[in-house]
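# Sequence below, structure please.
(2 chains)
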Amino acid sequence: MKGKGIQALATAALVLTVLAGCGSNNNADNAAASNNAAATNSANSSDTQTGPSWKKDTSPFTFTQYFYGNWASSYLWKDQYAMKLATEKTGVTVDRKLATGSDDDYLNTMIASGDLPDTIMLDWNNPAVSKLIQNDMVYSIDELIEKYAPDFKDQLDPDMVNYHSIDGKLWYLPNLYETSDRLKSGVPIVAVRPWFIRSDIYKAIGSPKIETTDDLMNALKLAKEKFPEVSPVGVEFFDVAKNGFGGSNSMDYLIDSFSPHLLEERVKNDQQIVEYPMRNKGFIDAFRYMSQLSRNGLFDPQLLIYKQEQYEEKLYGAQYAVASQFMNNMYAMYNPKIESTVGADQKYTILGGLKANGQDPRYPASRLMGWQGFFITKKAKDPERIIRWAEYAWSEEGQLDMRYGKEGETYDMVDGLPKYKQDILDLSIKDNAAFNAQYGFNDSTLLFRAGKLWDDAAARDLKESQPEQYEASKLLEKYNFDNYSLGMENLEPDGSTPEGTINSKIKDLWNKTIPKLVLSKTDEEFDSVYNGFLKQMDQVGAEKVEKVMYQRHLDDLKKKGIQ
Amino acid sequence: MNTQRTLSKRLWLQRYLLILTLPAVLWMVIFNYIPMYGVIIAFQEYTPFKGFIHSPWLGFDNFKELFADPTFRESLTNTFKISIAKLVFGFPAPIILSLLLNELAFKRFKRIVQSLTYLPYFVSWVLVVGFMYTLLDPETGVVSKLLVKLGIIGSDVMLMGDAHSFLSLVVITEIWKNVGWNSIIYLAAIAGIDPQLYEAAVVDGASRFRRVWHITLPSLKPTIIILLILSIGGLVNSNFDQMFLMQNSMTQDAANVLAVYSYKMGLVSGRFSYGTAIGLFQSLVAFVLMYAANYSSRKLTKESLF
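Coordinates of the predicted model:
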């Protein structure tokens, strides 16, 4: 049995190394080195040219970027018009990369190994942001601006800088930070994932008014009678870790009907806590409603375990009487596809806001506090060029280049607002994929900044070229209220803190409680599952998290200058 | 002096074999031994910026937390439950299949069956689980409907979302996928049995069943034991792909095995040290189990890996 020796050794080695670490080089040294390099660079380039800093050096230069969002293949820099335009002007090419699998896996592996790209585009409220900052893996944007692009500072909205600074420094440039103007200009804000009904089914059941949650239930019952082969309700996938406490993005539509004052009710100033929404009666009633749908055979329980792709595949086939989907996707992707494959009569039309218990719904809508942050990592080979490039992207010129291209070539100014040439506008509606592949507008620098010019232009374009979507958005917009001053942004504790661990346990618990609630056969069963959940949640320490959320709520108010 | 000379002489004699083994050994060293120093982060509060050497040491704190963590205990129980079920039902399956195949007189048919049974091995778990969702859909799934017609399940049972059916589904799909592939090694061993033994048995008037019992199975014994020892070592390594893909909010408790938990803690939540501690624990248990199985086998049957 001597020959088996190596085999045994091999086996032992294999089992011993299930989770051995990934190679890491000593980051501290590298960062220090690149710091020095950067300093030398700046000393050399002590030129006194005027004008924006990015014009000082337009030699070819490429930096790498990881974009958090594996769906964003249209953001990759190929030969699109907008990308070429940016490169032509600044000499800079962005080598943008996406995760091949799960984004969180990819990002955390990157952080653990210290193997970072030059820049990162990452949601500003992602738990990994504090890791990047605390581990000293990213440059402070202020410092880079001060050193290399002093004029850039004046371009930044002081409110934005104030809101997004951490420990007195700005660590990333947030895109889509909107000003209060946004509530008055731009395309109507759709604050929930809307629900739609299939036109032919709606007609066949006699086009009843659907204004309350009970109306909806009755309409679904009728639909099931007349169209037994169609699944009555379709909602997006459930995953609390990804979609928040509603479980599925589609749930907000119901939650905001059953609990129109949810955000206000969660804040308990007397106890100094911000409650978990699961303690709110209205919030739970939305799930009770789902359970009633399920008991009436109106909800396919498979949806509780479906992946988004499985749901979308069925939606493309118009296999639901009532379905929920992101507004623009429904009008720009699903309806056109349904029209060309199964027939125009089966397209979906919007449902208005639903009253529950006699109350109007309220949709918390606010200007966005930002979408993603643009981080420059300490691994960046040339932070100087990158910050200067950001100055370009942030400028009026850069914004127009990214959004509209070259005046006279791809757009004209009409009544003081930019407007695509007609053929480009047509292409963007008829074949969005081809439009993206050819022009790449809104895909290049991604440093979207607030501005009335393009907000107004976007609103005009939506109204003119997609009247149906515009009307649908208007229909829902009237239930919006500005939740900015409630201070409920970014409440959940940092993942690396003890409270963060408790929070993720609670999310895990809630994630498996949702299907049990929805599939409960009686109200008694529903209540006992729910009470069991509350008990477990308290056992793992929900109150500690609720205290932290209250502190974060106060911080949010403070940063917004409200308290 | 004398031993040294014989050793070098032996090495020289085996030089070609050694050269052939070299790439595999290098592969092991690079991908399995060198990264092993990373397990030290299980004893640290690892922060990537400080690296392996400078991260603060915690001693056994991560392990203390581990043993107090109810989810960890649940995942440990699940791991053993699933692995033992796989061992009990999955281990004999390829042996039986290879015996059956070997008794087939019609050689062409045998070859076809053999190919068909090992094809699923090459289908990735992603696809297999995709098939399962489709085939087991309570409304449209063919297999679900068949099971309802046969009265095995109720008409509203959603198999993929049923924590009670989870274990059976895991074991059945695992066997379906791997039985053909695993039987190859047994078929090879059977092919190596001296035909004279069978001829002698026929002369002595042994029935088919007797021949299998007294000749084939005893000749397979060393192979069976080696593979059994390896399987026991693998008891704590339930199949990550399968578990990860088959779990959803309704089966997450049943599917939470060590590998999935380690992944969730280490990569999804970014608790690198804690995730590594789970992985290290898993490896240690695997090592102990395999060593124990090997030891008892050596004592009991004189067959062993090392």
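# Count the neighbours of residue 231 for me.
As the question left the chain open, I've gone with chain A. 20 (other CB atoms under 10 Å in any protein chain shown). All C-beta atoms are positioned from the backbone trio N, CA, C, and that covers glycine.
# please go with chain B instead
B:Ser231 has 18 nearby residues by other CB under 10 Å.
# Is whichever strand or helix holds B:Leu7 positioned near chain A?
Here B:Leu7 sits within helix B:2-13, counting by DSSP states H and E. No - figure legend: helix B:2-13 not in contact with chain A (CB under 8 Å from any CB of the partner chain); closest approach 11.2 Å.
# Contacts for that helix, please.
Contact with helix B:2-13 is made by B:Leu18, as judged by CB atoms under 8 Å, 6 or more residues apart in numbering or on different chains.
# List the buried residues in the helix or strand just after it.
The C-terminal neighbour of helix B:2-13 among helices and strands, as given by DSSP H and E, is helix B:15-28. Residues B:Met28 are the ones in helix B:15-28 that count as buried (16 or more other CB atoms under 10 Å in any protein chain shown).
# Could you do stretch B:63-77 as well?
Within stretch B:63-77, the residues that count as buried by 16+ other CB under 10 Å are B:63, B:66, B:69, B:72, B:75-76.
# now swap in stretch A:280-291 and tell me
Quick answer for stretch A:280-291 (16+ other CB under 10 Å): A:280, A:282-291.
# for stretch A:341-350, same thing?
Under the neighbour-count criterion of 16+ other CB under 10 Å, stretch A:341-350 has A:346-348, A:350 buried.
# sorry, back to before: can you show me the CA trace of the helix holding B:Leu7 as PDB?
What follows is helix B:2-13 as a C-alpha-only set of coordinates in PDB (Å, rounded to 0.1, in the frame of the first residue of the first chain):
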ATOM      1  CA  ASN B   2      23.800   1.700   3.000                       C
ATOM      2  CA  THR B   3      20.200   2.900   3.200                       C
ATOM      3  CA  GLN B   4      21.200   6.200   1.600                       C
ATOM      4  CA  ARG B   5      22.600   4.400  -1.400                       C
ATOM      5  CA  THR B   6      19.600   2.200  -1.800                       C
ATOM      6  CA  LEU B   7      17.400   5.300  -1.500                       C
ATOM      7  CA  SER B   8      19.200   7.200  -4.200                       C
ATOM      8  CA  LYS B   9      19.300   4.000  -6.300                       C
ATOM      9  CA  ARG B  10      15.600   3.600  -5.900                       C
ATOM     10  CA  LEU B  11      15.000   7.200  -6.800                       C
ATOM     11  CA  TRP B  12      17.200   6.800  -9.900                       C
ATOM     12  CA  LEU B  13      15.300   3.700 -10.900                       C
END
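# avg pLDDT for that helix?
For helix B:2-13, the mean pLDDT works out to 80.
# and the direction of that helix versus that of helix B:15-28, what angle?
90 degrees (axes from the mean of the first three to the mean of the last three CA atoms, to 10 degrees).
# and the residue of the stretch 51-200 of chain B found nearest chain A, how many neighbours?
Using CB to the nearest CB, the single residue of the stretch 51-200 of chain B nearest to chain A is B:Gly161, 4.6 Å away. Counted by other CB under 10 Å, the residues lying close to B:Gly161 total 21.
# A:Leu304 is in contact with that one, correct?
Yes - between B:Gly161 and A:Leu304 there is a contact under CB atoms under 8 Å: 6.4 Å.
# Report the set of residues contacting both of the two.
In contact with both B:Gly161 and A:Leu304: A:515, B:248, B:250, using CB under 8 Å, 6+ apart.
# Look at the last one and tell me its secondary structure.
Per DSSP: H, G, I helix; E, B strand; the rest coil, the secondary structure class of B:Met250 is coil.
# B:Thr216 too?
Secondary structure, three-state DSSP: B:Thr216 is helix.
# Let me see the contact set for the residue of the stretch 51-200 of chain B closest to chain A.
A:301-302, A:304-305, A:515, B:248, B:250-251.
# Spatially, and excluding backbone neighbours, which residue is closest to A:Asp142.
A:Leu170 (5.1 Å; CB to CB, 6 or more residues apart in numbering or on different chains).
# Could you report the separation of the one you found from A:Ser504?
Using CB to CB, to the nearest Å, one gets 28 Å for the distance from A:Leu170 to A:Ser504.
# go on, B:Lys64?
20 Å.
# again, but for A:Ser520
To A:Ser504, A:Ser520 is 25 Å away according to CB to CB.
# cool, and A:His261?
27 Å.
# Between the two, which is the more surrounded one?
Ranked by neighbour count (other CB under 10 Å), A:His261 and A:Ser504 place A:Ser504 first, with 22 against 13.
# mean confidence score for the helix or strand hosting the more buried one?
Using DSSP H and E, A:Ser504 sits in helix A:498-518. For helix A:498-518, mean pLDDT is 93.
# Stretch A:98-106 too?
pLDDT averaged over stretch A:98-106 gives 89.
# And stretch A:309-322, how far out from the chain middle?
Relative to its chain's centre, stretch A:309-322 lies at 22 Å (CA atoms, centre = their mean, to the nearest Å).
# So that stretch, near chain B or not?
Yes - residues of stretch A:309-322 contacting chain B under CB under 8 Å from any CB: A:Gln310.
# Report the distance from the helix or strand containing A:Val529 to the chain centre.
If you go by DSSP H and E, A:Val529 is part of helix A:523-539. From the chain centre to the centre of helix A:523-539 is a distance of 31 Å (CA atoms, centre = their mean).
# can you check stretch B:152-165 too?
Distance, centroid of stretch B:152-165 to centroid of chain: 26 Å (CA atoms, centre = their mean).
# From B:Tyr274, how far off is the residue in the stretch 101-250 of chain A that chain B sits nearest to?
Going by CB to the nearest CB, chain B is nearest to A:Asn135 of the stretch 101-250 of chain A, at 3.7 Å. Note on A:Asn135: its distance to B:Tyr274, by CB to CB, is 17 Å.
# Could you do B:Gln44 as well?
Noted for B:Gln44: a distance of 11 Å to B:Tyr274, by CB to CB.
# Report the contact partners of A:Leu315.
A:234, A:323, A:325, A:334.
# Where does the stretch 301-450 of chain A get nearest to chain B, which residue?
Closest point on the stretch 301-450 of chain A to chain B, by CB to the nearest CB, is A:Ile305, at 3.9 Å.
# Near that residue, how many other residues are there?
A:Ile305: 20 neighbours (other CB under 10 Å).
# excluding its backbone neighbours, what's nearest it?
B:Asn248 (3.9 Å).
# gap between the closest residue to chain A within the stretch 101-250 of chain B and A:Ser291?
Closest to chain A within the stretch 101-250 of chain B is B:Asn248: 3.9 Å, counting by CB to the nearest CB. Using CB to CB, B:Asn248 is found at 18 Å from A:Ser291.
# Cool, thanks, talk later.
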